[in-house]
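Engineer: below is the sequence, then the predicted model.
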Amino acid sequence: MILIQFLVFLAFIILGARIGGIGIAFAGGAGVFVLSLLGATPGDLPMQVIVFIMVVIYAASAMQVAGGIDYLVNLTDRLLRAHPKYLALLAPMVTYLLTFAASTGQVSFATMPVIVEVAKENNIRPTRSLSVGVAGSLLGITASPISAAVVFLSGQLEEGNTGWTFIDLILVSIPATFLGTMTTALLFMLWDKARGNDRLDTVPEYQRRLKAGEVSPPKHQVRELRPGAKLSVLIFVIALVVVLAYSIAISEKVGLISNPVMDAGQCRISVMLAAAGAIIVACRANPKAIPGSSIFRTGMSACACILGVAWLGTTFMTANQDWIQAHLGTALAGKPWLFALLVVVASSLLYSQAASTKALFPTALAIGVAPATVVACFPATSSLFILPTYPTLLAAVELDDTGSTQLGTHFFDHPFLVPGLMATGLSVVYGFALAAVVV
């Protein structure tokens with residue numbers, strides 16, 4: 001029966017990928033229905049994870065309407081143009097840090113046109129900057145203290161009395177993912193320079209497009225800022241600091257607040273909603289424009305997708321937990337690399353770090369996988385770049401009008417695969433090293 005259920009699970013994941021967009025959610029829901037017909041009890045709905053994502057999307061959307069995203073893009077533009085020779089190093093750093101701060105990759109997505117323009121101006125092939133930048137943005141989610149994946153996993157670790165707390169988790173995930181991203185960026189920058197593969201004028205497709213007039217000339221466009229743009233970013237950052245400080249204060253390791261009136265998740269929800277309201281009032285942002293902002297539209301679509309795929313994944317894993325523990329428990333507990341590989345493969349299908357965390361990690365802890373292994377392998381949930389159907393990959397290809405960033409003729413020969421695997425793999429390796437020290 002487990003084989004049939006797995007084939008059903010896989011079939012609806014593939015169907016969702018073929019439909020694309022919010023269709024992933026619809027396919028996931030249909031998959032749960034079919035699994036229930038086969039005797040599987042539907043798993044817990046990922047409502048907590050979705051709410052965590054929604055409140056950050058509200059605050060980030062308010063910041064976007066107030067002009068905060070334009071301000072961040074202008075700062076990125078100034079940084080990259082000031083040091084264009086280090087574009088392959090700085091671009092991933094920027095996408096990582098923006099995602100880390102905002103807990104959504106949509107903020108870093110706004111910097112991609114700037115990366116392409118700076119590359120064209122300085123005869124730099126933008127492929128590597130974009131590919132490692134996408135990997136950095138994905139890994140930033142597993143480092144962000146306010147991301148749904150981090151909050152959910154820290155809750156699972158604390159509720160299970162594993163000895164791991166929210167502080168321990170971020171002490172591993174933040175340096176591990178940052179080092180993984182920057183090490184990858186540095187290695188590829190040196191590799192490309194050594195091979196002479198970093199020059200844009202050596203790309204045949206770029207030369208063809210240039211002669212055909214298909215490449216737009218580089219343009220330096222400084223976005224005009226609304227009066228409250230800088231203030232909106234400040235309010236968002238203050239909210240991030242408040243959530244982080246409160247989560248640390250109530251953690252078992254620090255214990256500054258012994259009997260908190262609200263847990264870390266409730267604090268996240270209330271503070272981010274308050275931040276969105278403060279931005280609207282203090283920055284005079286139009287609340288009616290928020291639902292129409294790009295961050296809101298893509299964020300709500302992502303929430304729907306998580307509802308479908310996370311519920312489908314949780315249903316399959318929960319229904320077959322006894323079988324998994326009996327047949328795979330010893331292998332997964334004794335071979336950390338095998339668990340990391342499982343997380344990579346599953347995450348590439350589930351399209352979300354939060355969905356992968358919700359579907360996989362409670363079962364992993366239940367069947368005896370060591371908490372240190374779970375924490376070290378947490379960055380592997382960022383393996384959304386493997387399939388060339390992920391929206392961020394497609395957007396990066398579309399934004400690069402030089403033609404140097406292409407998906408290729410085969411399914412797995414796109415330029416995001418190797419940098420993504422290296423950045424994720426190194427993050428996991430760093431995670432194991434740090435986990436051995438932290439707890």
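Structural biologist: Done, it's in. Numbering: from 1, shown residues only.
Engineer: let me see the ranges of the helices in the stretch 101-250 of the chain.
Structural biologist: For the stretch 101-250 of the chain, applying DSSP state H, counting those that start in this stretch gives helices covering 105-109, 112-121, 127-141, 148-159, 166-195, 204-211, 229-250.
Engineer: average pLDDT for the first one, rounded please.
Structural biologist: Taken as a whole, helix 105-109 carries a mean pLDDT of 77.
Engineer: returning to what we had before: now the helices of the stretch 101-250 of the chain in a markdown table, with mean neighbour count and distance to G68?
Structural biologist: For glycine as for every other residue, the C-beta is placed from the backbone atoms N, C-alpha and C. Below are the helices of the stretch 101-250 of the chain laid out as a markdown table (neighbours: other CB atoms under 10 Å; distance: least, CB to CB, whole Å):
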| stretch | mean neighbour count | distance to G68 |
| --- | --- | --- |
| helix 105-109 | 25 | 9 |
| helix 112-121 | 22 | 16 |
| helix 127-141 | 30 | 17 |
| helix 148-159 | 23 | 21 |
| helix 166-195 | 21 | 23 |
| helix 204-211 | 14 | 34 |
| helix 229-250 | 20 | 4 |
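Engineer: JSON lines for the ones you listed, including distance to L342?
Structural biologist: Listed next are these as JSON lines, based on distance: least, CB to CB, whole Å:
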{"stretch": "helix 105-109", "distance to L342": "24"}
{"stretch": "helix 112-121", "distance to L342": "31"}
{"stretch": "helix 127-141", "distance to L342": "18"}
{"stretch": "helix 148-159", "distance to L342": "16"}
{"stretch": "helix 166-195", "distance to L342": "19"}
{"stretch": "helix 204-211", "distance to L342": "37"}
{"stretch": "helix 229-250", "distance to L342": "29"}
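Engineer: nearest to I367, out of these?
Structural biologist: helix 148-159 (13.5 Å; CB to CB).
Engineer: of the helices of the stretch 101-250 of the chain, which is nearest V56?
Structural biologist: helix 148-159 (7.8 Å).
Engineer: ok so, going back, ok, which of the helices of the stretch 101-250 of the chain comes nearest L393?
Structural biologist: Using CB to CB, the nearest of those to L393 is helix 127-141, at 6.4 Å.
Engineer: just the element for L35, please.
Structural biologist: helix 23-37 (DSSP states H and E).
Engineer: next SSE after the lowest-mean-pLDDT helix or strand in the chain?
Structural biologist: Ranked by mean pLDDT, DSSP states H and E, the helix or strand of the chain with the weakest confidence is helix 321-334, at a mean of 74. Next helix or strand after helix 321-334 toward the C-terminus (DSSP H and E): helix 336-350.
Engineer: and whichever helix or strand comes after that next one, what does it pack onto?
Structural biologist: Going down the chain from helix 336-350, the next helix or strand is helix 353-366, by DSSP H and E. Judged by 3 or more CB pairs under 8 Å, 6 or more residues apart in numbering; DSSP states H and E, helix 353-366 is in contact with helix 47-65, helix 127-141, helix 148-159, helix 294-319, helix 321-334, helix 336-350, helix 371-377.
Engineer: pLDDT averaged over helix 353-366 - what is it?
Structural biologist: On average, helix 353-366 scores 86.
Engineer: what comes up buried for it?
Structural biologist: Buried positions in helix 353-366, judged by neighbour count with 16 or more other CB atoms under 10 Å: 353-366.
Engineer: out of these, who's nearest L393?
Structural biologist: Among the buried residues of helix 353-366, and counting by CB to CB, the member closest to L393 is Q353, at 15.5 Å.
Engineer: against N286, how distant is A380?
Structural biologist: When distance is defined by CB to CB, to the nearest Å, A380 is 40 Å away from N286.
Engineer: please apply the same query to T184.
Structural biologist: Computed as CB to CB, the T184 to N286 distance reads 40 Å.
Engineer: next one: A249
Structural biologist: For A249, the distance to N286 (CB to CB) stands at 35 Å.
Engineer: contacting residues around the residue most central in space within the chain?
Structural biologist: Central residue check for the chain by CA atoms, centre = their mean: the C-alpha nearest the mean position is that of L138, 3.3 Å away. L138 sits next to 99, 105, 353, 382-385, 392, 420 when contact means CB atoms under 8 Å, 6 or more residues apart in numbering.
Engineer: nearest spatial neighbour of T184, chain-adjacent residues omitted?
Structural biologist: Nearest non-adjacent residue to T184, counting by CB to CB, 6 or more residues apart in numbering: A423, 4.1 Å away.
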